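Asks: Sequence and predicted structure are below.
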Amino acid sequence: MSRDRTVQPRRLASSVIRAGALATLACALAAAAPVHAQGSGSPLDSLAARIDPYVAKARLLVLTDIANEPDDQMSLVRLLVYSNRVDIEGLVATTSTWMRRAVRPDVIRTVLDAYEQVQPNLLKHEKGFPTAAELRAVVTTGQPGYGMEAVGEGKTSPGAELIIRAADRNDPRPLWVTAWGGANTLAQALTQVRATRTPAEVDQFVAKLRVYAISDQDDAGRWIRREFPTLHYINIPSTQDGAEYYLATWTGISGDRFYRNAPGADFTTFSDAWVDANIRKKGPLGAHYPRPCCIHEGDTPAFLGLIDGGLASAMSPTFGGWGGRYVWRRFTGETRPHWTQGGDSYPGNDASRDAVVGTDGKTYVSDQATIWRWREDFQHDFAARMAWTVEPYEKANHNPVVIVNGRAGDEPLQLSAKVGVPVMLDASGTKDPDGNALRYDWFFYQEAGRGIPGHPVAIRRLAPAGAAPPGAGNIPSAPVDGPPQPPPRVTIEGATSARATVTPRVAGVSHVILAVRDNGAPTLTSYRRIILTIAP
């Protein structure tokens, strides 16, 4: 295909979308999505309704302001012990509001030197860990200055070129670009593509990208969201001074004490004693896991959902997993909707918060809970992999291998069901590679899947057709004891045994999660998501 190399004229209005190109794109995306993803008519809603096909290994490109503070280096250590679970296609040193005039690829390379010492031992536990040389080959630098002032014609960087090459690669999988710092290197890549390609080619390029940004750490994120309204973008918009970080979902990784925003969360596995024993004292790589200045691993949620052991949350931000759960809405001050937080939480409407029982037995509802609900599991998993860096196979613990209805692997089971007709789920074939005893927990993830426009689970109407509910804004007035709760969509019998019976009660889509835990040291958990499309 020939490419128009002339500079494309600037859009008259950044919020105006080319309807023809989007219609073509939406049709292509709908063809690849599971049957239960339904759009509501608008091109943007069609994009929001997309559920990506499951992939066993995601493609990942990291933008990191490493050396700005310790948490990026912490996150890099964790990422490296999972480097066989993702295809790392770029480790790009960038700037941010906290480090405006420097990029530090040397720090990335120093951590890779430590990884090189332990990679042979990691291969004793699982295959597929890349060599340090392979990872060094994708280390580079992004824009050398701050934000959009460092973006424009003639300001390309090796990092921007790397993003373009990766997205152009002939690979059907999306390319995840995770912004641990500023996003201006991605802005430069998009600027170059828009200046040198046809509108249809730009749309094709944008459709390959999935962005998860840790708030806004320069002014590029807001520009990107405005200028490329169809880009799959996950974040909570924020000021660039950190004043709004406490609101963000990603702080659920470990921000309980620093931000004081996660009552009910258990901080045990981020205490100094636990981290020292299980992470820092585990060989050469553990020695490169620094102490925090603020919170541990604030950037880790950007990639944690790509390796969440059977939760498969990378398929849709609404599914929920180790990296949190998000909904599609237009955040205050934004020109377009994107994957973010908030939403009214009255029954039947969509909100990004999860209701989770805390350590004190009380139920807490928050965005941060969408991450801290999994904390013991993902911390134990990290601890086990750090042990893999120094221990032989027989002295370490390994994850259970979950098999449901005869099917192994991490891909969700998508089943058709009918209201009132029981569905049998059998995980009795599940195995533990170390011969450990197993515990089973089947649970209905009531919030999963909400926030997808047109998704059957998002029942927004609270009054009969044609009737205007009482109360301002057509929201029904709540009784004294709170708004009426919708009936449970499924009930589960045998929730703690290998075989469970799920009975659908309400039509729509319901997500049931199986968590299988062993009794090794540390205890390890593997999951399986079952997605039920329930007919009346």
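Replies: Received the coordinates, thanks.

Asks: quick one: residue 417 is in a strand?
Replies: Yes. With DSSP: H, G, I helix; E, B strand; the rest coil as the criterion, residue 417 is located in a strand.

Asks: So it is in contact with residue 504, correct?
Replies: Yes. Between residue 417 and residue 504 there is a contact under Cβ atoms under 8 Å: 4.9 Å. No exception for glycine: its C-beta is placed from N, CA and C like everyone else's.

Asks: shared neighbours, the two?
Replies: By Cβ atoms under 8 Å, 6 or more residues apart in numbering, residue 417 and residue 504 have these common neighbours: 423, 532, 534.

Asks: what sits against the first one?
Replies: It stands for residue 423. 415, 417, 501-504, 532.

Asks: before we move on, the earlier item: counting neighbours, go ahead and name the busier of residue 417 and residue 504.
Replies: The residue with more neighbours, out of residue 417 and residue 504, is residue 504; 23 against 20, by other Cβ atoms under 10 Å.

Asks: how about the closest residue to that one other than its chain neighbours, secondary structure?
Replies: Leaving aside its sequence neighbours, residue 504 sits nearest to residue 534 (Cβ to Cβ, 6 or more residues apart in numbering; 4.2 Å). Classification of residue 534 using three-state DSSP returns strand.

Asks: Thought residue 511 was touching residue 534, still the case?
Replies: No. Applying Cβ under 8 Å as the test, residue 534 and residue 511 come out as separate, 11.3 Å apart.

Asks: before we move on, back to that, roughly how far apart are the residue nearest to residue 504 and residue 419?
Replies: 6 Å (Cβ to Cβ, to the nearest Å).

Asks: Looking at these two, which has the bigger crowd around it?
Replies: residue 534 (25 against 15).

Asks: Let me see the contact set for that one.
Replies: Per Cβ under 8 Å, 6+ apart, neighbours of residue 534: 417-419, 489-490, 504, 506-510.

Asks: Only alpha carbons, please: show stretch 522-532 as PDB.
Replies: Listed next in PDB are the C-alpha coordinates belonging to stretch 522-532 (Å, rounded to 0.1, in the frame of the first residue of the first chain):
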ATOM      1  CA  PRO A 522       4.300 -19.400  50.100                       C
ATOM      2  CA  THR A 523       0.700 -20.400  49.200                       C
ATOM      3  CA  LEU A 524       0.100 -19.900  45.500                       C
ATOM      4  CA  THR A 525      -3.200 -19.200  43.700                       C
ATOM      5  CA  SER A 526      -4.300 -19.900  40.100                       C
ATOM      6  CA  TYR A 527      -7.600 -18.800  38.700                       C
ATOM      7  CA  ARG A 528     -10.100 -19.500  36.000                       C
ATOM      8  CA  ARG A 529     -12.800 -17.200  34.800                       C
ATOM      9  CA  ILE A 530     -16.100 -18.600  33.600                       C
ATOM     10  CA  ILE A 531     -18.300 -16.200  31.600                       C
ATOM     11  CA  LEU A 532     -21.900 -17.200  31.400                       C
END
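
Asks: chain center to it: distance?
Replies: Distance, stretch centre to chain centre, for stretch 522-532: 16 Å (Cα atoms, centre = their mean, to the nearest Å).

Asks: Could you do stretch 522-533 as well?
Replies: 16 Å.

Asks: next one: stretch 248-265
Replies: Distance, centroid of stretch 248-265 to centroid of chain: 17 Å (Cα atoms, centre = their mean).

Asks: likewise stretch 197-204?
Replies: On Cα atoms, centre = their mean, the centre of stretch 197-204 falls 26 Å from that of its chain.

Asks: how about it: buried residues?
Replies: 197-198, 201-204 (16 or more other Cβ atoms under 10 Å).

Asks: Show me the shaky parts of the stretch 351-500 of the chain.
Replies: 451-486 (pLDDT under 70).

Asks: where along it do the helices fall?
Replies: Using DSSP state H, counting those that start in this stretch, the helices of the stretch 351-500 of the chain run over 369-372, 375-388.

Asks: and the residue nearest to residue 418 when sequence neighbours are not counted, how far is that from residue 413?
Replies: Take residue 418 and drop its neighbours on the chain: the residue closest to it by Cβ to Cβ, 6+ apart is residue 535, 5.1 Å away. Distance, residue 535 to residue 413, by Cβ to Cβ: 17 Å.

Asks: who does the helix or strand hosting residue 233 touch, helix- and strand-wise?
Replies: Per DSSP states H and E: residue 233 is located in strand 232-234. Packing partners of strand 232-234 (3 or more Cβ pairs under 8 Å, 6 or more residues apart in numbering; DSSP states H and E): strand 209-213, helix 220-227, strand 338-340.

Asks: so which of these gets nearest residue 250?
Replies: strand 209-213 (8.9 Å; Cβ to Cβ).

Asks: Partner strands of that closest one, with direction?
Replies: strand 175-179 (parallel), strand 232-234 (parallel) (DSSP bridges).

Asks: Let me see the mean pLDDT of the first one.
Replies: It refers to strand 175-179. The pLDDT scores in strand 175-179 average 98.

Asks: List the neighbours of it that are in contact with it.
Replies: With Cβ under 8 Å, 6+ apart, strand 175-179 has contacts from 58-63, 89, 94, 163, 166-167, 169, 186, 208-214, 217, 221, 235, 299, 302-303, 306, 314.

Asks: quick one: it to helix 220-227, angle?
Replies: For strand 175-179 against helix 220-227, the angle by axes from the mean of the first three to the mean of the last three Cα atoms, to 10 degrees is 140 degrees.

Asks: Tell me the first helix or strand C-terminal of strand 175-179.
Replies: helix 184-196.

Asks: now do the last one
Replies: Past strand 232-234, heading to the C-terminal end, the next element that is a helix or strand (DSSP H and E) is helix 256-259.

Asks: The helix or strand immediately after that next one in the chain packs against which elements?
Replies: Under the assignment DSSP H and E, the closest C-terminal helix or strand after helix 256-259 is helix 272-275. Contact partners of helix 272-275 among helices and strands, from 3+ Cβ pairs under 8 Å, 6+ apart: none.

Asks: Kindly provide the distance from residue 495 to residue 63.
Replies: Taking Cβ to Cβ, one finds residue 495 at 41 Å from residue 63.

Asks: Comparing these two, which residue is more hemmed in?
Replies: residue 63 (32 against 16).
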